[in-house]
Structures are given as C-alpha cells and as structure tokens.
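Student: Would you be able to build a 3D model of this:
(one chain, ligands or ions: 1)
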Amino acid sequence: MNQIRSPKGVQIRSPRGVRDILPAETARWRRFEEDFSACCKQAGYGELRSPMFEELEVFLRLGEETEVVSKEMYDFLDKDGRHMALRPEMTASAARAFIQHSPVLPWKIYYYGPQFRSERPQAGRYRQFSQAGIEVFGVSDPYLDVEVIALGWQFLGSLGLKQLTLQVNSLGDTASRNNYSEQLGRYLAQRAGELSEASQETAQVNPLRVLDSKRDQDQAVIAGAPSCLDFLEVSAAAHFEAVCNGLEKLRIPYQVNPRLVRGLDYYTHTAFEYVSQALKSAQNALGGGGHYDGLVEALGGKPVPGVGFALGVDRIFLACDSEQVFISEQSPVEIFVVDIVGGGEALSLTQQLREAGISCDRAWESRSLKAQMKIADRSGAKFALIIGSNEQAANVVALKDLRSGEVPQEDIPRDEIVLALKDRLAMEISN
Ligand code: AMP
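Tutor: Got it, this is the predicted structure:
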C-alpha cells in the first residue's frame, strides 16, 4: 500500500502518544461501551455527551496547581481569541453542564469518550485516552458513595477481571483536609532533603499531591507521613465509617490506604481507586474517583456535592490482556457472494441481502473463481453464494457451506434466496 510521505520522504505517522485503534480491536471497544452503558442504565444513570473542548476557565477551576491543569492541558486560542482547552477529564465538564441546565436532583449521569493530556507517553499512558465514568450531583449520603464504588467494581468484575483490589480513603471535609494538609506540609518540609526535586517543589504548593508521587526517591518519606485518617473531624469520620460499613454490607473487599489522594484537588471525604495486580505499579490504576464538595461552587453554581469515578478504558484493556479476559473479535459476515459473470450480479445480490438484514460481503475486480473462493474462506463467512454462467442462465444461485467440504452444493431459485438463507441461518443459531 502507498504510504503518505512528507515532502522530505519521511513517512507521516500519528502524533506521539496517540494511537489508531484498528478494526480487529474496535470490536472490543464497542462491546465495552455497550456493556458499560447497559450497566449504568440499569442503575438509573443517563448518558451525558458534553463537548470535547471547553473554555479553559472550566478546567482551571479544578485547581491551577494540579498537574493535569498546570502541565498537561492541550489549550489553544480559537479564531476569536478565546482561550479553549481539550478536556483532560470529564468531571469539570459534567459540573459545568449541571450548572448550565439546572436538572432535577439527584442528577445521575454516565459518560464515555476521549480525554486529552500532554503527558510523557509510555505503556498505559497516552496523550489521547478514553474514560468511562459516572457522576451524581446533589446528594451527600455515604451510601451513595458506596453505590458509585460498587457500580465500578461490579462492572470491572463483569469483564472477567479477577486480579483487582479496591483502595479507599477519606480526606474528610474541608476543615479536616486543610488541617491535614498543613501538618503534612510541616512534615515534608522537615524531610525535604530526602525528596526528589519535583516533589520538593510540589510540597511548597500542594503537600497532598506529594503522596501521589510514584518516584522511588520519594517513597520512604511518603511511607513515614502522618495519616490523613487521624485528622478527620467527627462528622467526616462518621461518613467514612458508613462508607466502609456499606462496602462490607455488599461484601466488596477493600483496603484502606491513607496515602491515597487523587490527582485533582477538589476531592473531600471518600477517595477510591481500582487497582490491577496484573499491571506494573506505574500504570496499575484502572480508575478512581471520589466525593467532591467544592467543584460546583468553584464553577459558579450553588454549593452542591458530587461523587463519581472515571475508568481508564485503555488501561483496562491492558489488564484484560494480561489476565486474558474480555477478548472480543470483529464478527465476520454471514454470507460471501462469489460472482464470476462480471460483478453486476454480486452488486444487486449483496444489496438485496443487506436490505433483508443479512450480513454479506463480496470480492472485486472480476477475479477467478479460485481467487474469489479463497477470499470467501478468509472472510470467515458461513456460506458462499456462487453465480456462474450456468446459475445465471437458470436463474439460480449455488449455496455452498464454507465450513464443511462434505455438504453438497445446492441450487436455490433466485427469488427464494432471502427466505432460504434466513431459514439456514436460523437453523445455525438453534443448533
Ligand atoms: P484520573 O482522571 O487522573 O483520575 O484518571 C482516571 C483513570 O484514567 C486512571 O486510573 C487511568 O486508568 C486513566 N488514565 C489517566 N491518565 C491516562 C493516560 N494519560 N493514559 C491512559 N489512561 C489514563
């Protein structure tokens, strides 16, 4: 095949950190999306489709010093000079849509689609990746946090993943969180010399984010850090206890991880992550989420709480490959039409079959019978319909079972072909 070449003769490829997903793989992506959608609808969630870019301002409200916002945003000025950004995640867009449309509470939504972050590409970390997630606005009930966690857990399990753990934590309400952040800042300042340069900088602006560091050099300091659970105010501790009780009620196994802080700044109370043991630690988070109190207000709305999660679809497929589950292949067509009288018969017959709801394909360029039969075999179709000059003269088509050489070929009158095929295909299903 001809490859596109730039003027200098270098082959043009997709940009760094983004990928083509080819037909052999898209079948699995489509099934994932359908299964996720069914799982959410069953629990009363409706789909939100928001734009892929927003005014930059929407994402700045996530916290200007969060890495996603400060370093990884694909932002640009549009032709009218407005500052826009490709969405790096969906919660901010969902909160913006919530404020804009004032829906009835609670607003339970799910979404699926690409996100964009200018990160250093590596296995399981891309510049365009897909997330599937849910958000609920307008209710602050620890059992709702549990419903959300359980939905993601149940869905990941339904894909066949077994090497999964659920980690949960609570940062408490704003007072608990601020108090802890201050104490942690002091602790990190004392041990600053042992931290990586990047974490020393982060510690100055947002101590909590240091706990998120995956750098080896930071691990000893992180391990010795005070636990945020020791700083929970009474009501925040009660909220977290109810979440843990709810998980136990549903028999969902979990680990409390007091070092779990999510990348974005707006989380209060519950934070959680689904972690795969089948992947290396730098990419083993399949998704995560939490409860947030301040985001809607930060975007100009009323102080409305929210809770949600985002699953990383690309990562989930890496885990599925590693565990050898959720393998879905492109389904082949049912019928392959072989026309050796010029190609016009195949043109009308494939059209007729498709209109009747029968999937079919054909060969091109008037190839020989042998060449077309080879393509038919490769297509994975169950039956071939062959039209040669004898069949054309007798106004019939020859039906050949492609999977069994023993079944004799059979002539079927042209005007009975749709009914005959439907019978044959129905028999296949009932067998
Ligand atoms: P976050 O919005 O950062 O909490 O991410 C939620 C999930 O999205 C993570 O647990 C990952 O599975 C996935 N994810 C985040 N960033 C990337 C990326 N650059 N490439 C692939 N997946 C990602």
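
Student: helix/strand/coil for residue 13?
Tutor: Secondary structure, DSSP: H, G, I helix; E, B strand; the rest coil: residue 13 is coil.

Student: Next, the closest residue to the ligand within the chain: phi, psi?
Tutor: Per Cβ to the nearest ligand atom, residue 312 is where the chain lies closest to the ligand, at 2.1 Å. In this view, the C-beta of every residue, glycine as well, is placed from N, C-alpha and C. Main-chain torsions, residue 312, degrees, to the nearest 10: phi -90, psi 110.

Student: Which residues are in contact with it?
Tutor: Contacts for residue 312 were tallied using Cβ atoms under 8 Å, 6 or more residues apart in numbering; they are 129, 130, 131, 285, 286, 287.

Student: Let me have those in TSV, adding secondary structure and neighbour count as columns.
Tutor: Output for those, formatted as TSV (DSSP: H, G, I helix; E, B strand; the rest coil; neighbours: other Cβ atoms under 10 Å):
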residue	secondary structure	neighbour count
129	strand	19
130	strand	20
131	strand	22
285	strand	20
286	strand	27
287	strand	22
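
Student: tell me the two of those that are most distant?
Tutor: With Cβ to Cβ as the measure, no two of the contacts of residue 312 lie farther apart than 130 and 285, at 14.9 Å.

Student: Just the buried residues of the helix or strand of the chain with the lowest mean pLDDT, please?
Tutor: Among the helices and strands of the chain, helix 67-70 carries the lowest confidence by mean pLDDT, DSSP states H and E, at a mean of 83. Neighbour-count burial for helix 67-70 flags 67, 68, 69 (criterion: 16 or more other Cβ atoms under 10 Å).

Student: Can you report how many residues neighbour residue 51?
Tutor: Neighbourhood size, residue 51 [other Cβ atoms under 10 Å]: 11.

Student: May I have the residues that are in contact with the spatially closest residue to residue 191 that is not a sequence neighbour?
Tutor: Excluding the flanking residues, the one nearest residue 191 by Cβ to Cβ, 6 or more residues apart in numbering is residue 221, at 4.9 Å. Residue 221 is in contact with 188, 191, 194, 195, 199, 210, counting by Cβ under 8 Å, 6+ apart.

Student: Would you confirm that the fifth one belongs to a strand?
Tutor: Yep, that's residue 199 we're talking about. No. Counting by three-state DSSP, residue 199 is not found in a strand; it is helix.

Student: Next, the contact list for it, please.
Tutor: Residues near residue 199 by Cβ under 8 Å, 6+ apart: 188, 210, 213, 215, 217, 218, 221.

Student: Would you mind confirming that residue 300 makes contact with residue 98?
Tutor: No. Using Cβ atoms under 8 Å, residue 300 is not in contact with residue 98, being 11.1 Å away.

Student: sorry, back to before: is the ligand within reach of the least confident helix or strand of the chain?
Tutor: No. Legend: contact between helix 67-70 and the ligand by Cβ under 6 Å from any ligand atom is lacking; minimum distance shown is 6.7 Å.

Student: For residue 286, which non-adjacent residue is spatially closest?
Tutor: Per Cβ to Cβ, 6+ apart, closest to residue 286 is residue 274, 4.7 Å.

Student: Output the set of residues of the protein in proximity to the ligand.
Tutor: Proximity of the chain to the ligand, by Cβ under 6 Å from any ligand atom, involves residues 89, 117, 119, 124-126, 129, 131, 262-263, 285-288, 310, 312, 314-315.

Student: Bridged to residue 272, which residues?
Tutor: Under DSSP bridges, the beta-bridge partners of residue 272 are residue 168, residue 289.

Student: So which of the contacts of residue 221 wins on neighbours?
Tutor: In the contacts of residue 221, the most neighbours by other Cβ under 10 Å go to residue 210, 27 neighbours.

Student: give the contact list for residue 151.
Tutor: Shown in contact with residue 151 (Cβ under 8 Å, 6+ apart): 39, 40, 43, 134.

Student: can you pick the most crowded of those?
Tutor: residue 134 (27 neighbours).

Student: hang on, it is in a strand, isn't it?
Tutor: Yes. Looking at residue 134 with three-state DSSP, it is inside a strand.

Student: In this model residue 306 seems to touch it, though I could be wrong.
Tutor: No. Contact criterion Cβ under 8 Å: residue 134 and residue 306 do not qualify, at 10.5 Å.

Student: Just give me how far stretch 271-285 sits from the chain centre.
Tutor: Put simply, stretch 271-285 sits 15 Å off its chain's centre (Cα atoms, centre = their mean, to the nearest Å).

Student: Now do the end-to-end distance for it.
Tutor: Stretch 271-285 has an end-to-end distance of 13 Å (criterion: Cα to Cα, to the nearest Å).

Student: and that stretch, average pLDDT?
Tutor: When pLDDT is averaged over stretch 271-285, the result is 93.

Student: Okay, helices next: where are they in the stretch 1-150 of the chain?
Tutor: Using DSSP state H, counting those that start in this stretch, the helices assigned to the stretch 1-150 of the chain run over residues 23-42, 56-60, 67-70, 91-101, 142-158.

Student: swap in the stretch 201-350 of the chain?
Tutor: Shown for the stretch 201-350 of the chain, the helices assigned by DSSP H, counting those that start in this stretch span residues 207-210, 219-223, 234-249, 295-298, 313-323, 344-355.

Student: Of all the ones you listed, which one is nearest residue 144?
Tutor: Closest approach to residue 144 among the helices of the stretch 201-350 of the chain (Cβ to Cβ): helix 234-249, 9.4 Å.

Student: In the closest one, which of the residues would be classed as buried?
Tutor: Of the residues in helix 234-249, 236, 237, 239, 240, 242, 243, 244, 246, 247 count as buried by neighbour count, 16+ other Cβ under 10 Å.

Student: Apart from its chain neighbours, what residue comes closest to the last one?
Tutor: When you say that, I think you mean residue 247. Using Cβ to Cβ, 6+ apart, the closest residue to residue 247 is residue 254 (5.2 Å).

Student: residue nearest the centroid of this structure?
Tutor: residue 313 (2.9 Å; Cα atoms, centre = their mean).

Student: Residue 32 is in contact with that one, correct?
Tutor: Yes. Contact criterion Cβ under 8 Å: residue 313 and residue 32 qualify, at 6.2 Å.

Student: between those two, what contacts are shared?
Tutor: Shared contacts of residue 313 and residue 32, defined by Cβ under 8 Å, 6+ apart, are found at residue 132.

Student: rewinding a little: ok, so of the contacts of residue 312, who is nearest residue 388?
Tutor: Lowest distance from residue 388 to those (Cβ to Cβ) belongs to residue 130, with 47.4 Å.
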